[in-house]
Every structure is written in structure tokens, then in C-alpha cells.
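> got a predicted model here, sequence first, then my questions.
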Number of protein chains: 2
Amino acid sequence: MEIALLGGTGDIGEGLALRWARDTDHTVVVGSRDPDKAARRADDYGTLLSERGVDHDVDGLGNEAATENADVVVLSVPPEYAVSTVETVSDGLADTVLVSPAASMDRDAAGFHATPPEDGSVAQAVAAAAPEGVPVVGAFQNLAAGALSDLDAEIETDTVVTGDDPDATALVRSLAEEIHGLRALDGGPLAVTALVESVTPLLINLAMNNESMHDLGVRFQ
Amino acid sequence: MEIALLGGTGDIGEGLALRWARDTDHTVVVGSRDPDKAARRADDYGTLLSERGVDHDVDGLGNEAATENADVVVLSVPPEYAVSTVETVSDGLADTVLVSPAASMDRDAAGFHATPPEDGSVAQAVAAAAPEGVPVVGAFQNLAAGALSDLDAEIETDTVVTGDDPDATALVRSLAEEIHGLRALDGGPLAVTALVESVTPLLINLAMNNESMHDLGVRFQ
């Protein structure tokens, strides 16, 4: 399986790239608008991994090239770039599962609020922009990015997976569960993804308001 | 401290009444629109408690009478009755902290969706309806009602507390934490309560879509 992480140079993309590289045999490709930046970050990830005795290269390419051979493309870009990134890479998306981990939010004096796009959620906006027949799956919105990127941190956290294509959602759940300590739950169809995306600003508010809490994830029990 | 649970005959009200009665020395009053029903349920709760060797009576009264001497009033009514219940009892709310645990949602073929009222959240709608100067606190939206009502069940779950009055939110957090296994987190001002209320339909969707999951709560970690 080949997994491309577009925007894989930052935050959640970094953590997923490192964890998939460490915990699985899948080919992991970091994508960026800037191919040189992608190559540099991929090198950094390779160094981090080999320091831990993990022999697993990570490739770094421009977003279009990263998408070309990927079976799964994760749109780990800021929410405002999710739709434009899909448009950029859409020629390479045939037979690809597209994963949307972004959550749209803004901040005022009270804290962070969810600001879903008109389609209902970022995942639904991505689905509206994706080529006909490309399944879109919502996942990985509520992970603690810092812990995920820190390979010394043990995680014990959930991700809620939503989607309308049973094979695509099953694939993403299975890829998620290959990451040690990550449990993938079935959240239902893409149409209810707004609920998952709105947990992300809640996690940030909790981290801001509670001493000793930072970089939070969620566990349903 | 005297705690009145309006709508305390059903679901989350039952669990909070039983747990506060078992785990604290506070006076617990169950309120209902129907005083006879409140009295019967309070008797039931007393029986359940004494069967477990807990000597703690629970009173049952009409909502107005239950509010009269209460220091804290929990609006554990369905969301569509939250505002009308506040209006009914508003004469008795002076020097009272009003707690809003309801979440507004509806269901279609995809599952449950959050349907916050125009004020932004049920808690904010309650605040708009409450008499001037009565602090409103959001709490207890995301508890597993079945586990809470089952005194044999050990809970290990979080509640997010939101509000604009620091003393009122501190009081509610402290009352919440007196329930064994319940951790109260500061979610910020009332204006971000929609994020907490939208976790409730997410919990129901997860319970519907995942075998072996039912009656879920949430833990932030």
C-alpha cells in the first residue's frame, strides 16, 4: 500500500508519516507544494526513524507527484487549502481513497469555534471537489499532533472514521489501527463528519483552559 | 448544598440524583412537572440507595417547589423544554446557579446531527431566558446515562464545564468532581458550549455504528 500525505511536512502529517513508517511496511510519501521542502522533511523523518533503529525510508515529492502512485491520499493541509489541493492533484486521484483530516475553526475572545464550510464539513467540501467516483473518508481530525509526532510518546487514543464507501472506510480504519495505540471507530456516513470536526476546537479550548492539559486527543468509552 | 434536578425522573437526571445522593451529603431534590411522579421516582431512588446501604433520602417535588430552596438547579429536561422550564421556575431562581446539560439534535438517514438553537447552544438559550444575574453553566452533556444510573457501574469519564461566572463554574466543577470517577474540565466561556453539546450526537452515532459500544462517555487525554 502506498500512502501519500499531502501537506505532510507539518503537524498531523508529520505524525502520521512517522507512525506509519515505524509501525507498518507501507510506502509513505510526504507531499508538499514545494518538492524541495518535501524532500528535506522526508530526509528528516528518515533520520528520526533510523535513530530509532527503524529501517524505513520516507519519500518526499511535490503534491502532484506524491499523488500519482498513491492508493491513499491524506489531505493533511490546513482546512482552507483542502479543496484547492484536491483540485491541484485531481488528475492523479483515479483509484485513490482521499482522506480528510482537517477541521475548520476560528478564534474569538471566548476561544475556538467550529466554522464548517457550507457543504457541512471540510470532508464534505472535499467530496464535492473530488473527481466523480473517488471515495472521500473523514479521519484523524482529533489526534494530538505533538504526541503523534513524538515517537517516544505512547498514544492511546481514538479516531472517528466517516464515509459513504464501505470499502474505503474499512481500508482507512484498518490503516489507522495499524498505528500502535490508535483505535479507529466507525462514525457513520460522511454527512455526520461535522460532529467529528467540531471536536478539534473543543480539544484546543480544553488545552487552553486546563492546567496540565495540552495536546489532547479523545477516547470514547 | 441543595441540588434540584428538574426533569430528574429521566435519563441523566436519574443518574446525577443517584450519584450525588450516594457520593455526597448534599440535599438532592428531584423535580418534575408532575409532583406525584417526582415523589414516586424519589422514593424509587431512595429504595435503590438503601438496598446498597446508602442512607440518603431523595426528595421529590414539582419543578417550582424543587427550585425554591435549591442552590443549584440542573435543567435535566429534554432540550425543547429547557427554556420553558426556566420560565416556569424563574421566580425561585434568585441566588441559584442554573446548570444546562441538554443537547439539541435531530436524526436523519445518516445518523444524529447537532441542531443548536439560534442562541448558539442550549446553554446560551437558557442564559437568554434566565432572570438577570442568574449564572448559567453548561455541564453533564456527554455522560453515559445508563452507566450513570447503574450504581454498580464504575465510571471514568469527563464532563466539560462552561460558563461566564467563575464562582458558578467553580461550584459546578466541584459538585461534578464529588461524583466518584467523574472529572470536570474547564471548557471556557458559555459562548463555546456548542462544541460540547455537539459531542452528544457524536456519542450516539458511535454507539449505533460500532458493535460492542453503547452508552458512551468521553475522556480527553
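Thanks, I have it.
> now do the helices in chain A.
In chain A, the segments counted as helices under DSSP state H are A:11-23, A:35-51, A:63-68, A:82-89, A:122-129, A:145-149, A:166-177, A:193-197, A:199-209.
> can you redo these as JSON lines with mean pLDDT and mean neighbour count?
Using the backbone N, CA and C atoms, a C-beta is placed for each residue, glycine as well. Below are the helices of chain A laid out as JSON lines (pLDDT from 0 to 100; neighbours: other CB atoms under 10 Å in any protein chain shown):
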{"stretch": "helix A:11-23", "mean pLDDT": "95", "mean neighbour count": "23"}
{"stretch": "helix A:35-51", "mean pLDDT": "96", "mean neighbour count": "17"}
{"stretch": "helix A:63-68", "mean pLDDT": "97", "mean neighbour count": "21"}
{"stretch": "helix A:82-89", "mean pLDDT": "97", "mean neighbour count": "19"}
{"stretch": "helix A:122-129", "mean pLDDT": "98", "mean neighbour count": "23"}
{"stretch": "helix A:145-149", "mean pLDDT": "94", "mean neighbour count": "20"}
{"stretch": "helix A:166-177", "mean pLDDT": "98", "mean neighbour count": "18"}
{"stretch": "helix A:193-197", "mean pLDDT": "98", "mean neighbour count": "29"}
{"stretch": "helix A:199-209", "mean pLDDT": "98", "mean neighbour count": "22"}
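> okay if I get those helices as a markdown table plus distance to chain B?
Listed next are the helices of chain A as a markdown table, based on distance: least, CB to the nearest CB, whole Å:
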| stretch | distance to chain B |
| --- | --- |
| helix A:11-23 | 16 |
| helix A:35-51 | 24 |
| helix A:63-68 | 28 |
| helix A:82-89 | 20 |
| helix A:122-129 | 11 |
| helix A:145-149 | 10 |
| helix A:166-177 | 10 |
| helix A:193-197 | 4 |
| helix A:199-209 | 4 |
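> ok, which of those helices comes nearest B:Val97?
Of all the helices of chain A, it is helix A:199-209 that lies closest to B:Val97, at 18.9 Å by CB to CB.
> show me what that closest one is packed up against.
strand A:105-108, strand A:111-114, strand B:182-188, helix B:193-197, helix B:199-209 (3 or more CB pairs under 8 Å, 6 or more residues apart in numbering or on different chains; DSSP states H and E).
> adding distance to A:Ala82, write these out as JSON lines.
Output for the helices and strands packed on helix A:199-209, formatted as JSON lines (distance: least, CB to CB, whole Å):
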{"stretch": "strand A:105-108", "distance to A:Ala82": "13"}
{"stretch": "strand A:111-114", "distance to A:Ala82": "15"}
{"stretch": "strand B:182-188", "distance to A:Ala82": "26"}
{"stretch": "helix B:193-197", "distance to A:Ala82": "20"}
{"stretch": "helix B:199-209", "distance to A:Ala82": "21"}
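> how many neighbours does A:Glu132 have?
Neighbour count for A:Glu132, taken as other CB atoms under 10 Å in any protein chain shown: 4.
> which one of the helices of chain A lies closest to B:Thr200?
Across the helices of chain A, closest to B:Thr200 is helix A:193-197 (CB to CB), at 9.1 Å.
> how far does the closest one sit from its chain's centre?
14 Å (CA atoms, centre = their mean, to the nearest Å).
> residues touching the closest residue in space to A:Met208 that isn't next to it in sequence, list them.
Leaving aside its sequence neighbours, A:Met208 sits nearest to A:Gly111 (CB to CB, 6 or more residues apart in numbering or on different chains; 6.5 Å). For A:Gly111, the contacting residues are A:Pro201, A:Ile204, A:Asn205, A:Met208, A:Asn209, B:Gly188, B:Pro189, B:Ala191, B:Val192, by CB atoms under 8 Å, 6 or more residues apart in numbering or on different chains.
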